[in-house]
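**Q** Sequence and predicted structure below; questions after.
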Amino acid sequence: MPSKSTSKLPRKVPAATSKLPHEEQPTPAPTRKTRDQPARRSLVEASEAQAAAIAARERRSLTEHSQAELAVLVTVEFTEDIRKQRMRKLTAVATLARQAAAIEAAAGNGEEALADNAPDLDFDASRAEFEELARSAGAIIAANLVQRRARPDPRSLVGEGKLEEIVAVVASTNASLVLFDHDLTPSQLRNIEARLPCHVIDRSQLILDIFARHARTREGQLQVELAQLEYQLPRLSGRGRAMSQLGGGIGTRGPGETQLETDRRKINLRIDHIKEQLESVRRIRHQQRQRREAVPVPVVALVGYTNAGKSTLFNALTEAGVLESARMFATLDPKLRQLQLPSRRKILLSDTVGFIRNLPHTLVTSFRATLEEVERAEVLLHVQDASSPMLDEQKAQVEKVLAELEVSGKPVLQVLNKTDLVPARELDHLAARKGSILVSGLAKTGLEALLAAIDEALVADPLIDSAFRLPQSEGAVLASLEAGAIVDGKRFEGNLVFLHARGPASLLNRYRRFRERSA
């Protein structure tokens, strides 16, 4: 007890003495020395604050510089897989046409040259996409190594010779990171890290890191953590008996529980806990969705490849002011905004996360709560980058993910964005695509045609035409019709108003008692 009383006294004394100068300030006689002390003290404090601010800026710049790691990129192309894919796509008619073109060619290799250049275009675009992924993760590219081989090496993916080259490049560039544009098995990852003095990350882990950087909401952070833990669980590696935890007592002198088993148990417990939290988030979203569905407002979702300009188009349509970035996966959390169509119908437009080639399956399962907006949407707007040379491949990758989500049967509008970057001679070719809508979210062109197409695609609350005859005293009904439908042919006869309206059936049927009966 005495020790507690003495420990409290020093804390109270400064608080009491700090109030005394303010309370007893009028009593002492001011002198020149006491008048100069506050000014000098303020100058000293200002200089110290300025020095502290400069030091904080320097620490922040050093931290940002340290976060940007030097990375060596390793891109691998397997020719055997490309050959199989090409043969699957080649139909019998295409085979005959190819043979005829080869016969008619003077040199006899015109079509073969085109065939050889086709995978190069795909490979170059894939390599450029991987470089953009590395930059989005904050890496500085020190070197980019390329390898073409028939099939992956089971031990190191790239083979012994290429692995020695990677070791030499890492030593010469002092890189702290090696990024592989391919998924590594746990054994391959261990074998490569045993040879390299730096950290090794494969494609899936890189995408997960980018997702972790851009997750802002609690839900997004939980989903990213769940995907990271599920990816990390089969890749845990320990040192066996050297990491064992010994117990006390008789019969516990053996190796005990290894650290690897402990880590797995902790990760499994954390995964179960995150799933419970996400389930509560799912219940909250379901309740919010039920409240929204009480008022029938259809949902239209933007889907597409990452960096296709979905957020820019979303801002152009709704003026929401969400983040627009050229970095990949800049948008993780879904955004919902109300939008009015030309028919005066109101919809909820949803901006969702972008997809990418070889999207990790753990991300698809973890972000299922976020992607529920896609599952609940009535119409999907598949936004595509019209200026990308990999337009068709990116479209196929998005459709593959939509098939995994079991939403392929929904109405889909093909929206070709970024037409302002497409040369004029290619716009006609893009316009000839059946069912495609050409827009530019940045230049805000083609938006009227897009809104009209959304109007036609909605089937839950169809547009109908009705003629009304109602008293002028029904001002609330007139205001509601003019706000929610297109009214034309309005005329007044005495105390009555006659008008023709075209709008959603849910609105016009609400005032069916005022409909004009046909003769």
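**A** That came through fine. Numbering: from 1, shown residues only.
**Q** burial of residue 131, as a residue count?
**A** Look at residue 131: counted by other C-beta atoms under 10 Å, it has 18 neighbours. Where C-beta positions appear, they are placed from N, C-alpha and C, glycine not excepted.
**Q** Could you do residue 305 as well?
**A** Counted with other C-beta under 10 Å, residue 305 comes out at 26.
**Q** Might one say that residue 221 is in contact with residue 215?
**A** Yes - applying C-beta atoms under 8 Å, one finds residue 221 in contact with residue 215, separated by 4.6 Å.
**Q** Now residue 268: which helix or strand?
**A** The secondary structure element spanning residue 268 is helix 259-294 (assigned by DSSP states H and E).
**Q** Buried ones in that helix, by neighbour count?
**A** Neighbour-count burial for helix 259-294 flags 259, 263, 267, 274, 278, 281, 285 (criterion: 16 or more other C-beta atoms under 10 Å).
**Q** among those residues, which two are most distant?
**A** Every pair in the buried residues of helix 259-294 was compared (C-beta to C-beta); the two farthest apart turn out to be 259 and 285, at 38.1 Å.
**Q** Does residue 343 fall in a helix, a strand, or a coil region?
**A** Three states are possible here, and by DSSP: H, G, I helix; E, B strand; the rest coil the one that applies to residue 343 is coil.
**Q** What strand or helix carries the closest residue to it other than its chain neighbours?
**A** Counting by C-beta to C-beta, 6 or more residues apart in numbering, residue 455 is the residue found nearest to residue 343 once chain neighbours are left out, at 5.0 Å. Residue 455 belongs to helix 447-457 when assigned by DSSP H and E.
**Q** which residues are contacting that helix?
**A** Helix 447-457 is contacted by residues 300, 316-317, 341-343, 345, 347, 379, 381, 411, 413, 415, 437-439, 463 when judged by C-beta atoms under 8 Å, 6 or more residues apart in numbering.
**Q** Then stretch 69-81?
**A** Under C-beta under 8 Å, 6+ apart, the answer for stretch 69-81 is 119, 123, 126-127, 130-131, 134, 138-152, 157-158, 166, 169-170, 173-182.
**Q** Filter the residues you listed down to the buried ones.
**A** 119, 126-127, 130-131, 134, 139, 142-145, 147, 152, 157-158, 166, 169-170, 175-182.
**Q** and the residues you listed, which of them are in strands?
**A** Cross-referencing those with the strands (criterion: DSSP state E) gives 142, 143, 144, 145, 147, 177, 178, 179, 180 as the overlap.
**Q** got the CA positions of stretch 136-156 in CSV?
**A** Once side chains and other backbone atoms are set aside, the C-alpha atoms of stretch 136-156 remain, and they are given as CSV (Å, rounded to 0.1, in the frame of the first residue of the first chain):
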residue,chain,number,x,y,z
SER,A,136,1.5,-2.3,-58.9
ALA,A,137,3.0,-4.2,-55.9
GLY,A,138,5.6,-1.5,-55.5
ALA,A,139,8.6,-3.4,-57.0
ILE,A,140,11.4,-1.8,-59.1
ILE,A,141,12.3,-4.1,-62.0
ALA,A,142,16.0,-4.8,-62.0
ALA,A,143,16.0,-7.5,-64.7
ASN,A,144,13.5,-9.5,-66.7
LEU,A,145,14.5,-13.1,-67.6
VAL,A,146,12.6,-15.0,-70.3
GLN,A,147,12.6,-18.8,-70.9
ARG,A,148,10.8,-21.0,-73.4
ARG,A,149,10.7,-24.7,-72.7
ALA,A,150,8.5,-27.6,-73.7
ARG,A,151,7.3,-28.5,-70.2
PRO,A,152,7.9,-27.3,-66.6
ASP,A,153,10.7,-28.8,-64.6
PRO,A,154,9.3,-30.7,-61.6
ARG,A,155,12.1,-29.6,-59.3
SER,A,156,12.5,-25.9,-60.1
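**Q** After the helix or strand harbouring residue 396, heading C-terminal, what element do we hit next?
**A** With secondary structure defined by DSSP H and E, residue 396 is part of helix 391-404. Moving toward the C-terminus from helix 391-404, the next helix or strand (DSSP H and E) is strand 412-417.
**Q** For residue 476, give its distance to residue 503.
**A** Taking C-beta to C-beta, to the nearest Å as the measure, residue 476 and residue 503 are separated by 16 Å.
**Q** Take the ones in strands among the buried ones among the contacts of stretch 69-81 and write them to JSON lines, including pLDDT.
**A** As requested, these are exported to JSON lines (pLDDT from 0 to 100):
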{"residue": "142", "pLDDT": "92"}
{"residue": "143", "pLDDT": "92"}
{"residue": "144", "pLDDT": "92"}
{"residue": "145", "pLDDT": "93"}
{"residue": "147", "pLDDT": "91"}
{"residue": "177", "pLDDT": "92"}
{"residue": "178", "pLDDT": "94"}
{"residue": "179", "pLDDT": "94"}
{"residue": "180", "pLDDT": "94"}
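**Q** and of the residues you listed, the nearest to residue 430?
**A** When these are compared for distance to residue 430 (C-beta to C-beta), residue 144 comes out closest, at 31.4 Å.
**Q** Isn't that closest one up against residue 131?
**A** Yes - contact status for residue 144 versus residue 131: in contact at 7.0 Å, counting by C-beta under 8 Å.
**Q** Just give me the neighbour total for residue 356.
**A** Applying other C-beta under 10 Å, we find 22 residues neighbouring residue 356.
**Q** Not counting its neighbours along the chain, what's nearest it?
**A** Nearest non-adjacent residue to residue 356 (C-beta to C-beta, 6+ apart): residue 306, at 5.0 Å.
**Q** Next, the one you found: phi, psi?
**A** Its backbone dihedrals place residue 306 at phi -60, psi 150, with angles given as degrees, to the nearest 10.
**Q** per-residue confidence for residue 138?
**A** Reported pLDDT at residue 138 in the predicted model: 85.
**Q** Distance of it relative to residue 71?
**A** To residue 71, residue 138 is 9 Å away according to C-beta to C-beta.
**Q** Only the buried subset of the contacts of helix 447-457, as a PyMOL command please.
**A** This is how PyMOL selects the buried members of those, with burial counted by 16+ other C-beta under 10 Å:
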select buried, resi 300+316+317+341+343+345+347+379+381+413+415+437+438+439+463
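**Q** where in the chain is pLDDT low?
**A** The model of the chain has pLDDT under 70 over residues 1-68, 80-121, 237-258, 292-296, 323-333, 361-363, 365-370, 518-519.
**Q** Pull out the buried positions in stretch 484-495.
**A** Within stretch 484-495, the residues that qualify as buried are 484, 485, 487, counting by 16+ other C-beta under 10 Å.
**Q** related to what we said a few turns ago, surely the residue nearest to residue 356 touches residue 359?
**A** No - with contacts defined as C-beta under 8 Å, residue 306 does not count as touching residue 359, sitting 9.2 Å away.
**Q** Neighbour count: those two, which is higher?
**A** The residue with the greater number of neighbours, taking residue 306 and residue 359 and applying other C-beta under 10 Å, is residue 306; the counts read 25 against 21.
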